[in-house]
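Trainee: Here is my input, please return the structure:
(chains A and B)
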Amino acid sequence: MVATVTSVAQVGIEPRAVRVETHIGPPKPQFTLVGLPDTAVREARERVRAAMVSSGYAFPERRVTVNLAPADLPKAGSAYDLPIALGVLAADGTVPPGAARVVALGELALDGSVRRARGAIGAAVVASRLGLPCLVAPEGAAEASRVPGVDLRPVRTLAEAVSVALGETAPVAVPTRPVSTDPLPDLADVRGQPIARRALEIAAAGGHHLFLYGPPGTGKTMLARRLPGLLPRSQPSEELEIAAIWSAADRPLGEDRPFRSPHHSISLAGLVGGGSGVPSPGEISLAHHGVLFLDELGEFPAHLLDALRQPIEEGVVVIARRGISVRFPTRVQVVAASNPCPCGFFGDRRQPCQCTAAAAQRYRRRISGPLLDRFDLRVAVPRSEHLDLTASPGEPSVKVAARVAAAREHQEKRGSLNRDLERKVLDDQPMEPAAMRMLTGAVERLGLSGRGYDRVRRVARTVADLAGREGIVEADIGEALFLRGSL
Amino acid sequence: MSGVELIERGRSGYPPALEEIPDAPERLYVRGRLPERPCVAVVGSRSATRYGLGLARAFGRALAEAGWPVASGLARGVDGAAHEAVSMAGGIGVAVLGCGPDLMYPPEHTGLAARLVGDGGAVVTEFPPGSRPEPWRFPLRNRIISGLSSVVVVVEASVDGGALITARRALEQGREVFAVPGDVDRSTAAGANLLIRDGAWPVLGPADLVESVARVMGPPPTPPQAARQGTAAVDPLLANLGISGATIDELCVGFGLEAEVVMQRLARLEAAGLVAISDGLVTMA
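Mentor: Numbering: from 1, shown residues only, chains lettered A, B, ... in the order given. Sure thing, here's the model as predicted:
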């Protein structure tokens, strides 16, 4: 007798259907698992046997062969326990064959209960594609419920899985996704800092990468953390991608717009993805559709900064492994922060900089490398004097977010965020003569490069969008020139 | 290196002021033209604060506009800022090096040195071509800075810095030493304050400096112009910049203006060449 249960393997965040084929042979107690399983999958034999017995089923005293197909797809983890158990039961005739007509994913505990396994979203995607019910542990069901059109049936035990698969009992309700009760940090908390606030608003509106540099204690981190709260809520399609990545990384999903702040001591695999076995998404993918914050940019080793460049540019990272290459999406908005020099006091009004000139230059060269070229906004946040820190709270995030949303509507008509505007499109943007004069004047006076020229035009486009202006005026160029920084 | 002229002591072209000092160098390697009249030296710390750099710029400009040549050591910090301001004001600047005339230290001031020479000033050293900028050369170099000058102004200096060496040599050479008083609890002001306690003339600002220098060196070669066009009339933002400049946030708060308005106005002022903006700091150009 043969039974086939469908399960899923993740290639990157892309789910691939895996057929769990079970064959019950002659009466000779043996349990063989084939089809490129890793160690955790091979250990399923012991868990499945114990879980079946604990659930009141007899494990067949026959030759049991389980094949995970396609055989060339590497399979990892304990997620195949549940489909294997269902397959054995159906193939042995212990339960009706209908119990195998499901997509199932879950680890089995020795007492027969079903545990969460990574990739529940992938299982839901496959199930919805094949029109089969999707059986996962209740903990994984919340994230899987984002997939449109899926017949999701959370199951708590193996026995429950059998009866739910056969439609004999109704599954437990899908748990609602826990809504984060911590409000996002609000811009109202930031006192003063008019320039940095304005830069943050422009960054949010145009999706521009933002670089903040200034001495310690000028609120760079505080500002960066407030960017997610200014961005529009993610679309359902974006949410699904975010959830798929987090599921592939086996992490519980957090806020609406992810905010990731990797430390500069992070490994290459931790930052861009990889790791041993099946590649995991890195921090840059966990920040997909959200914000990647690189604090102390000057402390990040050069090879990490180099590795970030392409994913930031292309929105995807490809990790090649023997026999398989996986893609993780990496559409992130980057905020980077840095001191102006190693000691942090370069340019301070009262405190002399203690750095040797060579060290300060090395530091500047490292932060102003090719990665920084991708940053449209580079804003100095110097320490200001005599600013009244007891001043009334700043404008709250919700008001700024409303302006950001309006500015993004203008961009949607053009088809892309201003961050991604090509030179051709920039050339077509209407610009009043005075604005053009100021821009050409800046090219001569400041020695603006071609890339710098485009950066200024992109930011000016966003400033105009925020003001609801069709054409770019002199004031927009002036502000954009200002926010391009002097690095 | 092209354009380097060797001038020996006692020959024409050797600065008369330098002839007077006891250990005058036997030969000078000069690029550009050494001024005949004595200079005013502006010296100070390499690790200067924003305030110190602002003062150095203000002094450099005031002296250049009055027509006195300005000498300094082309070092990072105060020296460089003073030279920079002299060059911007179109004055005569003399940079005294602590290395051979074919080298440039610090290297980032190569362009500045070329501008000084181009504007009718000079780069000068007693060290022959190929001499590397070794630490022992700089105290020797300092005696030439003071030797070329009638007045040495110490802007911002710690008690163990090179600027104080220049001041001591200046006193030995019978030059006037001026110093800018500062907070008594700041290491960056300690050197200048010490000089004032020991008899240096306190300088209270760019205009005061010009007056005090005139008492030593006679009236300014360039009669004072009508004050530069009332810049505050152009934009009141300019009135608030002061000596050490202001951050944009300070201007926003000080004037109660929105960030975008201040940025737009400053961009126009920068385009008109009235202010310089660097790392979020706005200073008079």
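Trainee: Show me what the helix or strand harbouring residue B:213 is packed against.
Mentor: Assigned by DSSP states H and E, residue B:213 belongs to helix B:206-217. For helix B:206-217, the elements it packs on are helix B:50-66, strand B:149-154, strand B:176-179, judged by 3 or more CB pairs under 8 Å, 6 or more residues apart in numbering or on different chains; DSSP states H and E. Where C-beta positions appear, they are placed from N, C-alpha and C, glycine not excepted.
Trainee: got a list of contacts for it?
Mentor: Residues outside helix B:206-217 that contact it (CB atoms under 8 Å, 6 or more residues apart in numbering or on different chains): B:38, B:40, B:58-59, B:61-63, B:66, B:68, B:150-151, B:153, B:176, B:178, B:201, B:203, B:220, B:224.
Trainee: go on, stretch A:76-85?
Mentor: Contacts for stretch A:76-85 (CB under 8 Å, 6+ apart): A:5-9, A:18, A:20, A:22, A:33, A:37-38, A:40-41, A:43-44, A:47-48, A:51-52, A:66, A:68, A:104-108, A:114-115, A:117-119, A:135, A:155, A:158, A:161, A:277-278.
Trainee: And for residue A:282, nearest residue in space, chain neighbours not counted?
Mentor: Closest residue to residue A:282 apart from its sequence neighbours, by CB to CB, 6 or more residues apart in numbering or on different chains: residue A:273 at 3.7 Å.
Trainee: Next, find the distance separating the one you found from residue A:478.
Mentor: According to CB to CB, to the nearest Å, residue A:273 stands 41 Å off from residue A:478.
Trainee: about what we covered before: from the contacts of stretch A:76-85, which ones fall inside helices?
Mentor: The helices, defined by DSSP state H, take in A:40-41, A:44, A:47-48, A:51-52, A:158, A:161 from the contacts of stretch A:76-85.
Trainee: Identify the farthest-apart pair in those residues.
Mentor: Maximum pairwise distance among the ones in helices among the contacts of stretch A:76-85 (CB to CB): 19.9 Å, between A:40 and A:161.
Trainee: Can I get stretch A:32-50 in PDB? Just the C-alpha atoms.
Mentor: Extracted C-alpha coordinates of stretch A:32-50, given in PDB (Å, rounded to 0.1, in the frame of the first residue of the first chain):
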ATOM      1  CA  THR A  32      13.700   3.600   6.000                       C
ATOM      2  CA  LEU A  33      13.700   7.300   5.100                       C
ATOM      3  CA  VAL A  34      15.100   8.400   1.700                       C
ATOM      4  CA  GLY A  35      15.100  11.600  -0.400                       C
ATOM      5  CA  LEU A  36      18.000  13.800   0.800                       C
ATOM      6  CA  PRO A  37      16.900  14.200   4.400                       C
ATOM      7  CA  ASP A  38      19.200  15.900   6.900                       C
ATOM      8  CA  THR A  39      19.800  14.600  10.400                       C
ATOM      9  CA  ALA A  40      16.700  16.200  11.900                       C
ATOM     10  CA  VAL A  41      14.500  14.600   9.200                       C
ATOM     11  CA  ARG A  42      16.100  11.200   9.700                       C
ATOM     12  CA  GLU A  43      15.400  11.400  13.400                       C
ATOM     13  CA  ALA A  44      11.700  11.700  12.500                       C
ATOM     14  CA  ARG A  45      11.600   7.800  12.500                       C
ATOM     15  CA  GLU A  46      11.900   7.800  16.300                       C
ATOM     16  CA  ARG A  47       9.500  10.700  16.900                       C
ATOM     17  CA  VAL A  48       6.900   9.300  14.500                       C
ATOM     18  CA  ARG A  49       7.000   5.800  16.000                       C
ATOM     19  CA  ALA A  50       6.600   7.200  19.600                       C
END
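Trainee: tell me the mean pLDDT over it?
Mentor: The average pLDDT within stretch A:32-50 is 85.
Trainee: and it, how far from the chain's centre?
Mentor: Offset of stretch A:32-50 from its chain centre (CA atoms, centre = their mean, to the nearest Å): 31 Å.
Trainee: go on, stretch A:437-446?
Mentor: 39 Å.
Trainee: and that stretch, average pLDDT?
Mentor: 87.
Trainee: That stretch close to chain B?
Mentor: Yes: under the criterion of CB under 8 Å from any CB of the partner chain, chain B is reached by stretch A:437-446 at A:438, A:441-442, A:445.
Trainee: low-scoring stretches of chain A, by residue?
Mentor: A:177-182, A:254-255, A:323, A:347, A:349, A:357, A:385-392, A:486-487 (pLDDT under 70).
Trainee: Can you give the domain ranges for it?
Mentor: Following automatic domain parsing, chain A resolves into domains at A:2-165, A:187-390.
Trainee: Adding mean neighbour count, write those out as TSV.
Mentor: Below are the domains of chain A laid out as TSV (neighbours: other CB atoms under 10 Å in any protein chain shown):
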stretch	mean neighbour count
domain A:2-165	21
domain A:187-390	20
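Trainee: mind checking which of the ones you listed is nearest residue B:255?
Mentor: Among the domains of chain A, domain A:187-390 sits nearest to residue B:255 (CB to CB), with 10.7 Å.
Trainee: does residue A:34 really touch residue A:67, like I thought?
Mentor: Yes: shown here, residue A:34 and residue A:67 form a contact pair, counting by CB atoms under 8 Å, at 5.1 Å.
Trainee: Need the phi and psi values for the residue most central in space within chain B.
Mentor: Central residue of chain B (CA atoms, centre = their mean): residue B:82, 2.6 Å from the mean position. Here is the backbone geometry of residue B:82 (degrees, to the nearest 10): phi -70, psi -50.
Trainee: Likewise for the one 10 residues further on?
Mentor: In terms of degrees, to the nearest 10, the main-chain angles of residue B:92 are phi -100, psi 120.
Trainee: if we can go back for a sec, pLDDT score assigned to the residue nearest to the centre of chain B?
Mentor: 96.
Trainee: And it, how close does it get to chain A?
Mentor: Note on residue B:82: its distance to chain A, by CB to the nearest CB, to the nearest Å, is 17 Å.
Trainee: how about stretch B:152-167 as CSV, C-alpha atoms only?
Mentor: Taking Å, rounded to 0.1, in the frame of the first residue of the first chain, the C-alpha atoms of stretch B:152-167 are listed here in CSV:
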residue,chain,number,x,y,z
VAL,B,152,52.3,87.1,16.9
VAL,B,153,48.7,86.4,17.7
VAL,B,154,48.0,83.2,19.6
VAL,B,155,44.4,82.1,19.0
GLU,B,156,43.8,78.9,20.9
ALA,B,157,46.6,76.9,22.4
SER,B,158,47.2,74.4,25.1
VAL,B,159,50.1,74.9,27.5
ASP,B,160,52.3,72.4,25.7
GLY,B,161,51.5,73.2,22.1
GLY,B,162,53.7,74.5,19.3
ALA,B,163,51.9,77.9,19.4
LEU,B,164,53.5,78.6,22.8
ILE,B,165,56.9,77.8,21.4
THR,B,166,56.3,80.4,18.7
ALA,B,167,55.2,82.9,21.3
